[in-house]
Structures are given as C-alpha cells and as structure tokens.
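*Asks:* what follows is a predicted structure for the sequence shown.
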Amino acid sequence: YLESKQLRTTEDLEALLNSMQEQIDELKKSASGTQARIKELDELLRMADYYQQGKPVADKLKTIRFDTFRQKYKAEHENVLRTFYMAERKLKNQWVDGKLPVHAWRKEKSKLETEYQALQQKIAPLYADTKRLWAIHYSIYQVQHEQERQNVVTRQKKQEIEH
C-alpha cells in the first residue's frame, strides 16, 4: 500500500496526510455550503406550502364583514391562519413577478442534492485512505517511541557501567 502511494519516509507520509486533509476540508466546506442552501430551500418550499394552504382561508376571512362571524371563523381556523401569516412574512421578499418561484426552488434543490451526493462520493474514499494512512502513521509513531525508550534505557545502562 505504501509503495503504491510512493511513500518512502515518514515525511512523505505526513505530507500526503496534510494534502489529503486539505482536500477533505475543501470538499467538506463545499458540501456544508450546499447542504445549507438545501435546508434554506426546504424551508422556503415549506413556507410556500403553508402559504398555498392558508391563502383561501385568509381570503375568506377578508370577505366576512360582521365581527362576530369574523371572530368565530378566525377561532375555527387559527392554526391555518397563524402558519399562513408566518409564511407570508417569511416569503415577503421572495416574490418574482407576482408569483413564488416554487418550480425554480425545486429544480435548484434537486440540482444541489445531486451535487451534494457527488461531493459525498468524492469524500468517502479520501476518508478511507486517510484513516488507513493515520493508522500507519500511528504505528510508525509507536515504533519510533519504543525505539527512543529503548535507546534511553541502553544509554542509562552504559552510563551505569562506565561509572
């Protein structure tokens, strides 16, 4: 495995690990940006659904003139009206030519989900290789540490013999 990666020294291994970690960080940053936009689009689509569900109820409420009937209708449809008004506030700046761009949002979300899956497929093998290389790196570190410990013990014995 090390020969296939052309790794001859620990410095080569560390350099490769650093470059792979940089690639992973870059891909993760891109993936997190994509994921954030997907969540934003999900929220916009959810608000658009609330708006569409509540619009007929809100329109009917506007046509009721008598206060008692109006209050009764409001009480009966309180949840729908509450979510409608919330959606209306959140979608206030999203209108394009008098319409919500729901189709464009769905299309963008689909495209972003495809990109996100592609990024995840790029990251997965990098993670696997990095994990394997870190295991090798750790094993090398353990061997070096043990050799250092043995060298210290050997030096101490030599000093005891000399004195």
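*Replies:* Structure received.

*Asks:* how near is the residue positioned nearest the centre of the chain to L119?
*Replies:* When Cα atoms, centre = their mean is applied to the chain, the residue found nearest the centroid is S32 (3.6 Å). Look at S32 and L119: by Cβ to Cβ, to the nearest Å, they are 10 Å apart. C-betas here are computed from N, CA, C, even on glycine.

*Asks:* average pLDDT across the helix or strand encompassing Y73?
*Replies:* Using DSSP states H and E, Y73 maps to helix 67-76. Mean pLDDT, computed over helix 67-76, is 94.

*Asks:* cool, and stretch 43-57?
*Replies:* When pLDDT is averaged along stretch 43-57, the result is 96.

*Asks:* pull out the buried positions in that stretch.
*Replies:* For stretch 43-57, burial by neighbour count (16 or more other Cβ atoms under 10 Å) applies to 44, 47-48, 50-51, 54, 57.

*Asks:* wait, which of the residues you listed is closest to A104?
*Replies:* Using Cβ to Cβ, L44 is the member of these that lies nearest A104, at 10.3 Å.

*Asks:* starting at the chain centroid, how far to the helix holding Y73?
*Replies:* Averaging C-alpha positions (Cα atoms, centre = their mean, to the nearest Å) puts helix 67-76 45 Å from its chain's average.

*Asks:* before we move on, what about stretch 73-93?
*Replies:* 31 Å.

*Asks:* got the CA coordinates for it in CSV?
*Replies:* Taking C-alpha atoms only, stretch 73-93 is exported to CSV below (Å, rounded to 0.1, in the frame of the first residue of the first chain):
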residue,chain,number,x,y,z
TYR,A,73,-64.1,31.9,11.7
LYS,A,74,-60.7,33.1,13.0
ALA,A,75,-61.0,30.8,16.0
GLU,A,76,-62.0,27.8,13.8
HIS,A,77,-59.1,28.3,11.5
GLU,A,78,-56.5,29.6,14.0
ASN,A,79,-53.6,27.2,13.1
VAL,A,80,-54.0,27.6,9.4
LEU,A,81,-54.1,31.4,9.6
ARG,A,82,-51.2,31.5,12.0
THR,A,83,-49.0,29.4,9.6
PHE,A,84,-50.3,31.4,6.7
TYR,A,85,-49.3,34.8,8.2
MET,A,86,-45.9,33.4,9.3
ALA,A,87,-45.3,32.1,5.7
GLU,A,88,-46.4,35.4,4.3
ARG,A,89,-43.9,37.3,6.4
LYS,A,90,-41.0,34.9,5.5
LEU,A,91,-41.8,34.9,1.8
LYS,A,92,-42.3,38.7,1.6
ASN,A,93,-39.0,39.2,-0.3
